[in-house]
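S.K.: how would this look folded up:
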Amino acid sequence: MVLRHLPFEGLDAWEAPLANRYELQHCDVVVDALPDPGQGELAVVLGGPVGVNDGDHYPFLQAELDWLEQRLGAGRPTLGICLGAQLIAAAAGGRVVPGATREIGWSTLDLHPDGQQSCVRHLDAVPVFHWHSDNIELPSTATCLASTASCPVQAFSMGERVLGLQFHPEVTARALESWYVGHSRALAAQSEPKASDLRAAARRHADELREPAAVLLNEWLDSLGA
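M.R.: Below is the predicted model:
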């Protein structure tokens with residue numbers, strides 16, 4: 001089950017490796033009814049431009065938090081990317097708070113000791129894509145795997161069946177073209193980076209990210225099978 005918040009923020013480079021293992025079913029959570037939280041071998045919760053704490057303006061967020069709380073309580077495998085990771089953390093009892101700075105662009109991760117023993121190790125020294133302004137404060141049940149200078153939680157796990165990634169391992173240079181248009185107001189509200197800067201960086205880094213990100217995903221999925 002793929003929970004999507006915007007049509008152009010999809011699985012992208014991760015669609016093929018996931019489709020090799022699962023029959024994918026998409027739910028556009030902004031307008032669609034959520035499926036049974038206990039169903040589905042795997043749930044993937046994707047990103048979006050709203051915040052976990054914006055429920056007064058976007059009621060679907062509370063419904064999604066309740067859905068995740070039930071799914072996590074049932075011990076069902078769940079993967080979150082960016083907003084998806086924030087929702088998982090909040091549903092498990094953590095908090096999502098405004099970051100000191102908005103993090104947009106490409107940079108490497110700082111792996112924690114637990115991260116060096118996890119599937120996230122495959123991204124060591126590999127630039128990954130970031131686009132967020134909120135940070136995660138983890139619940140006691142979670143383990144931090146990686147961070148960056150401006151974001152203390154870039155990846156976390158909760159046991160073997162839950163993985164949260166604040167960054168975007170799934171992006172491609174082609175797919176990001178839609179982001180630059182869809183999020184043009186957010187880009188215009190700051191002096192840098194510009195869409196042209198992000199485009200140039202994606203040409204340098206997106207292809208380099210694709211293979212190790214796929215290895216990360218497949219290793220984690222293999223662990224679910226075990």
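
S.K.: burial measure for the closest residue to residue 82 other than its chain neighbours, as a count.
M.R.: With sequence-adjacent residues excluded and distances taken as Cβ to Cβ, 6 or more residues apart in numbering, residue 82 is closest to residue 47, at 3.3 Å. C-beta: built from backbone N, CA, C; applies to glycine. Residue 47 has 26 neighbouring residues, counting by other Cβ atoms under 10 Å.

S.K.: residue contacts, residue 47?
M.R.: 5, 9, 81-84, 131, 168 (Cβ atoms under 8 Å, 6 or more residues apart in numbering).

S.K.: in helices, which of these appear?
M.R.: Judged by DSSP state H, helices contain the following of the contacts of residue 47: 83-84.

S.K.: just give me how far stretch 163-181 sits from the chain centre.
M.R.: Stretch 163-181 sits 9 Å away from the centroid of its parent chain (Cα atoms, centre = their mean, to the nearest Å).

S.K.: to clarify, my last question referred to stretch 71-86.
M.R.: Relative to the centre of its chain, stretch 71-86 is centred 10 Å away, using Cα atoms, centre = their mean.

S.K.: residues contacting it, please?
M.R.: Under the criterion Cβ under 8 Å, 6+ apart, residues 3, 5, 37-38, 40-48, 50-52, 68, 87-88, 91-92, 96, 131-132, 134, 136, 156, 158, 161-170, 220, 224 lie in contact with stretch 71-86.

S.K.: pull out the buried residues from stretch 187-206.
M.R.: Neighbour counts over stretch 187-206 (16 or more other Cβ atoms under 10 Å) mark 187, 195, 198, 201-202, 205-206 as buried.

S.K.: after the helix or strand of the chain with the lowest mean pLDDT, which helix or strand is next?
M.R.: Least confident helix or strand, the chain: helix 184-188 with a mean of 88, by mean pLDDT, DSSP states H and E. From helix 184-188 onward toward the C-terminus, using DSSP states H and E, the following helix or strand is helix 195-225.

S.K.: what is that next one packed up against?
M.R.: Helices and strands touching helix 195-225, by 3 or more Cβ pairs under 8 Å, 6 or more residues apart in numbering; DSSP states H and E, are helix 15-19, strand 95-107, strand 128-137, helix 173-182.

S.K.: with mean pLDDT added, can I get the ones you listed in CSV?
M.R.: Compiled in CSV, the helices and strands packed on helix 195-225 are given as follows (pLDDT from 0 to 100):
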stretch, mean pLDDT
helix 15-19, 97
strand 95-107, 95
strand 128-137, 97
helix 173-182, 97
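
S.K.: just those: most buried one?
M.R.: Of all the helices and strands packed on helix 195-225, strand 128-137 carries the top mean neighbour count, a mean of 21, counting by mean count of other Cβ atoms under 10 Å.

S.K.: what packs against that strand?
M.R.: Looks like strand 128-137 contacts helix 83-91, strand 95-107, strand 151-157, helix 195-225 (3+ Cβ pairs under 8 Å, 6+ apart).

S.K.: dump the next helix or strand after the third one to CSV, restricted to CA.
M.R.: Per DSSP H and E, the first helix or strand lying C-terminal to strand 151-157 is strand 162-165. Extracted as CSV, the C-alpha positions of strand 162-165 are listed here (Å, rounded to 0.1, in the frame of the first residue of the first chain):
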residue,chain,number,x,y,z
VAL,A,162,9.5,0.1,10.7
LEU,A,163,11.9,2.4,8.9
GLY,A,164,11.7,6.2,8.6
LEU,A,165,13.8,8.3,6.3
